[in-house]
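Enquirer: Sequence and predicted structure below; questions after.
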Amino acid sequence: MRVWPGQPYPLGATWDGAGVNFALFSEHATRVELCLFDAVESTKETHRVPLPERTDLVWHGYFPDLVPGQLYGYRVHGPYDPAQGHRFNPNKLLLDPYAKLIGRRLHWDDSVFGYPIGGDDLGFDERDSAPFAPLARVIDPAFTWGDDRPPRTPWHKTLIYEAHVKGLTMRHPEVPEHLRGTYAGVASEPILRHLTELGVTAIELLPVHHHVDDRYLEDKGLVNYWGYNTLAFFAPHSAYVTTATSRDAVQQFKTMVRGLHSAGIEVILDVVYNHTAEGNQNGPTLSWRGIDNASYYMLSPEDRRYYMDFTGCGNVPNMSHPRVLQMIMDSLRYWVTEMHVDGFRFDLASTLARELYEVNRLGSFFDIIHQDPVLSQVKLIAEPWDVGPGGYMVGNFPPGWAEWNGIYRDEIRDFWRGAGDATANELATRLSGSSDLYQSDGRKPYASVNFITCHDGFSLRDLVSYNEKHNEANHEDNRDGADDNRSWNCGAEGPTDDPAINALRAQQMRNFIATLFLSQGVPMLLAGDELMHTQGGNNNTYCQDSEIAWLDWDLDDDRRAFLDFVKLASRVWRTHPVLQRRNFFKGRPIRGEDIKDISWLEPSGEEMGDESWNAGYVRCLGMRLAGDAIGETDERGDPIVCETILALFNAHWEPVPFTLPPHPPERHWEVLFDTADPELQLNSFDEGQEYDLKGRSVVVLRLRDRVEHPPELLTAAQSERLFEGRMDLSERRIPRP
């Protein structure tokens, strides 16, 4: 086997058209051996070749006789001294941290642990893990992207759809069976049609970095379905590949991205850089631990045998080490430049800001991203908390970052279930973009990613159907998952035949959807909520690769009607720029005009006074958004003007007569939807009239020019143009039948 010195950069295995360069960072290793395998089922390497050069703590070598498709791993020599943080063991075959493709998945066996199972981690295990360890495969990165371009949807026009690659497509009857559960399935025509009809502009995929199914889950017949257990930061998860083609995971992932982009949909990846699949000191030796444990992981300053843990998963990467930071940044850049993704959602992002112990919002991680010409231009979303002290950081990430707004989720849930102290000020603040969290540091309303539900917790249907979690299928005696769900079952726990309860649940779901699309910020839908998907009360489906978590696309009339309502609410949002503001409201008259950009109304139709703002709770209020006082311009500098929107919210269980506010004489209020009456047509009202606002409902009206004939006399195509404001007055004057 010929080997030349090669280069220390780039790290990983790089095919240059003539041979393959291998480069691996290890500061404390004494020897690094490249191990080559000729087949996935091989139990022993065919060649074991020491990397001949070491430059700047990077071991490297160039192999002119190797080509893409080659399977490989490493054996790394050095001290085994856990008390000092060193866990080198050359008996363990190790995965390249820069592996672009997984050629063989991990098969659990006691030999993949660096110490003898049954003893403590201070022992040294001499068994060879090669028959069971994961293998990397050298790739040829060539791909025909054609005219693929990133959609670059502005933040304020972004609608995010959080989905799981497999769960989204496994039960869809129109997705070809061989594509279900795969990257190709996500970009199939039925899924693209569904997403575009919903108005989705970005799909946020649960982790697609190659991950490990925990051993304790496999022992129980379960898997790590969500994928928050990363083993390879550069490799697409191999289980989402269709076997109907010889193309590998990299090629199929790129094809998926190209297909989504062709539909105008951005791809955002949920990424897990806050821990790895190797766990704590009792975990396996699969990659970083055996390559250079003391460099890659944050170790306890009191005893370097143990790991710092701010995630509850056993370890934390050492963000203060430049090579660890480089690995994460290289990974992020790779997914943008080579895989064409459009952004990232960072799981437990507070952990990435912990350079020593405290969360530092101006840490190296953020500094590097802000100056990076690639990463600073994509969508960056933080899950702004971890489980460590001081880890709840909602509203505290730096400019350039959006955040999952957990405060929004909690307060909106409390408002509609009639619990907590939902004051008028708190509700108004969430509806208007959470300026208390994002305005002081110069961020915009779209820094708030608003959501009612996400993968972690109840689905929307379960949120209105269960008071308690029901996680028995996870085989943990219902101890796992959150206990505080801020849910309300509407009078019965779980499924019921009571028509009144089922009607109330559907209405509450419409209330949540309506509120989401009426709030300033970036709306995020959980995949399946629009289908009324239920998980049977399971609020922690992380291990459920089953019909509990797979979306059910077999819709009855009620579920189809709810899907239609979600599409309507989305259409209202995307066709009214006053709901997609780039800047926070001023809340005062604009340039001396009488109309404010936003007004808050009491049921009397009058603006809310101090007594109402200071009340201990609020159950009913109106929000008026002046479409002629947006005060923003489009990309060509022209003023943005649209219809004025009036939204009425009533979380009380009894009806409230709501007096509609004044308007110019040539206009009237026209109902877009009423969550208490989803079949309601476009009825019109004048100022001073009372609207019978039903209990637990949302009504949305718009200010329209009076028309000669009612909308129901229009053709379907004309009604569509009328709704979207694309019909002039002359076109509306059609003869009666």
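Expert: Yes, it's here.
Enquirer: helices or strands next to the helix ranked longest in the chain in the packing?
Expert: Using DSSP state H, we find that the single longest helix of the chain is helix 499-518. On a contact count with 3 or more Cβ pairs under 8 Å, 6 or more residues apart in numbering; DSSP states H and E, helix 499-518 meets helix 406-417, helix 460-463, strand 522-526, helix 557-574, strand 645-650, strand 697-705. The way it works is simple: take the backbone N, C-alpha and C, and place the C-beta from them, glycine included.
Enquirer: Kindly provide the whole-number mean pLDDT of that helix.
Expert: Mean pLDDT, computed over helix 499-518, is 98.
Enquirer: List the contacts of N478.
Expert: Going by Cβ atoms under 8 Å, 6 or more residues apart in numbering, N478 touches 469-472.
Enquirer: try it again with 10 Å
Expert: By Cβ atoms under 10 Å, 6 or more residues apart in numbering, the residues touching N478 are 468-472, 537-538, 540.
Enquirer: Report pLDDT for it.
Expert: pLDDT, N478: 98.
Enquirer: Could you check which helix or strand contains it?
Expert: Using DSSP states H and E, N478 is not contained in any helix or strand.
Enquirer: Out of the helices and strands packed on helix 499-518, which is closest to F37?
Expert: strand 522-526 (41.1 Å; Cβ to Cβ).
Enquirer: then that closest one to PDB, C-alphas only?
Expert: C-alpha atoms of strand 522-526 as PDB (Å, rounded to 0.1, in the frame of the first residue of the first chain):
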ATOM      1  CA  VAL A 522     -42.100  33.500  12.500                       C
ATOM      2  CA  PRO A 523     -44.800  30.800  12.700                       C
ATOM      3  CA  MET A 524     -43.800  27.200  13.100                       C
ATOM      4  CA  LEU A 525     -46.100  24.300  12.500                       C
ATOM      5  CA  LEU A 526     -45.400  20.800  13.900                       C
END
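Enquirer: Buried ones among the contacts of N478?
Expert: Applying 16 or more other Cβ atoms under 10 Å to these, the neighbour count classes 469-471, 537-538, 540 as buried.
Enquirer: could the residues you listed go into JSON lines alongside secondary structure?
Expert: Output for these, formatted as JSON lines (DSSP: H, G, I helix; E, B strand; the rest coil):
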{"residue": "K469", "secondary structure": "coil"}
{"residue": "H470", "secondary structure": "coil"}
{"residue": "N471", "secondary structure": "coil"}
{"residue": "G537", "secondary structure": "coil"}
{"residue": "N538", "secondary structure": "coil"}
{"residue": "N540", "secondary structure": "coil"}
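Enquirer: any idea which of those is closest to Y438?
Expert: So of these, ranked by how close each gets to Y438 (Cβ to Cβ), first place is N540, at 29.5 Å.
Enquirer: Does that closest one touch E472 like I think?
Expert: No - applying Cβ atoms under 10 Å as the test, N540 and E472 come out as separate, 11.2 Å apart.
Enquirer: Name the SS class of the residue most central in space within the chain, please.
Expert: By Cα atoms, centre = their mean, the chain has its centre lying nearest to E204, at 4.5 Å. Following three-state DSSP, E204 is assigned to strand.
Enquirer: beta partners of it?
Expert: Taking DSSP bridges as the rule, E204 bridges to E162, I268.
Enquirer: who touches it in this structure?
Expert: 160-163, 266-270, 343-345, 379, 381, 449, 454-455, 524-527.
Enquirer: Check what pLDDT it gets.
Expert: Note for E204: predicted pLDDT of 98.
Enquirer: P661 now?
Expert: pLDDT, read off for P661, is 94.
Enquirer: and it, how many neighbours?
Expert: Number of residues near P661 (other Cβ atoms under 10 Å) recorded here: 19.
Enquirer: which residue sits closest to it, ignoring its sequence neighbours?
Expert: G605 (5.0 Å; Cβ to Cβ, 6 or more residues apart in numbering).
Enquirer: Relative to G406, how far out is the one you found?
Expert: Distance of G605 to G406, given as Cβ to Cβ, to the nearest Å: 34 Å.
Enquirer: How about I598?
Expert: Noted for I598: a distance of 24 Å to G406, by Cβ to Cβ.
Enquirer: same check, this time on D372
Expert: 27 Å.
Enquirer: Equivalent analysis for L71, please.
Expert: For L71 relative to G406 (Cβ to Cβ), the value is 43 Å.
Enquirer: With neighbour numbers in mind, choose between these two.
Expert: Between L71 and G406, L71 has the larger neighbour count (other Cβ under 10 Å), namely 21 against 17.
Enquirer: what phi and what psi does the backbone show at the closest residue to the more buried one other than its chain neighbours?
Expert: Of all residues not flanking L71 in the chain, F37 sits nearest, at 4.0 Å (Cβ to Cβ, 6+ apart). Backbone torsions of F37, given as degrees, to the nearest 10, read phi -120, psi 150.
Enquirer: Please identify the buried residues of stretch 473-490?
Expert: Per 16+ other Cβ under 10 Å, stretch 473-490 contains these buried residues: 473-474, 478, 481, 485-490.
Enquirer: one step back: please identify which of the buried ones among the contacts of N478 is nearest to S287.
Expert: Nearest to S287 among the buried ones among the contacts of N478, counting by Cβ to Cβ, is N540 at 27.2 Å.
Enquirer: ok, now which ones touch that closest one?
Expert: By Cβ under 10 Å, 6+ apart, the contact list for N540 reads 226, 455-458, 469, 471, 473-474, 476, 478, 480-482.
Enquirer: Quick check: which element contains the residue lying closest to it once chain neighbours are set aside?
Expert: Among residues not flanking N540 along the chain, G481 sits closest, at 3.3 Å (Cβ to Cβ, 6+ apart). For G481, there is no host helix or strand (DSSP H and E).
Enquirer: on that earlier part again, so which of the helices and strands packed on helix 499-518 gets nearest H172?
Expert: Using Cβ to Cβ, the nearest of these to H172 is helix 557-574, at 13.7 Å.
Enquirer: Could you pull up the mean pLDDT of the closest one?
Expert: The average of the pLDDT scores along helix 557-574 is 97.
Enquirer: Which positions in it come out as buried?
Expert: Here helix 557-574 shows 559, 562-563, 565-566, 568-574 as buried, counting by 16+ other Cβ under 10 Å.
Enquirer: What is it packed up against?
Expert: Identification of packing neighbours for helix 557-574 by 3 or more Cβ pairs under 10 Å, 6 or more residues apart in numbering; DSSP states H and E yields helix 189-198, helix 460-463, helix 499-518, strand 522-526, strand 667-674, strand 697-705, helix 716-723.
Enquirer: closest one to F658 among these?
Expert: strand 697-705 (7.9 Å).
Enquirer: Can you list the strands that that closest one pairs with?
Expert: Here, using DSSP bridges, strand 697-705 pairs with strand 645-650 (antiparallel), strand 667-674 (antiparallel).
Enquirer: Dump the first one to CSV, keeping only the CA atoms.
Expert: Think strand 645-650. Extracted in CSV, the C-alpha atoms of strand 645-650 (Å, rounded to 0.1, in the frame of the first residue of the first chain):
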residue,chain,number,x,y,z
ILE,A,645,-57.1,43.5,10.1
LEU,A,646,-59.2,43.2,13.2
ALA,A,647,-58.7,40.1,15.4
LEU,A,648,-61.1,39.4,18.3
PHE,A,649,-60.0,36.9,20.9
ASN,A,650,-62.3,35.4,23.5
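Enquirer: Report the angle between it and helix 499-518.
Expert: Orientation check (axes from the mean of the first three to the mean of the last three Cα atoms, to 10 degrees): strand 645-650 against helix 499-518 gives 140 degrees.
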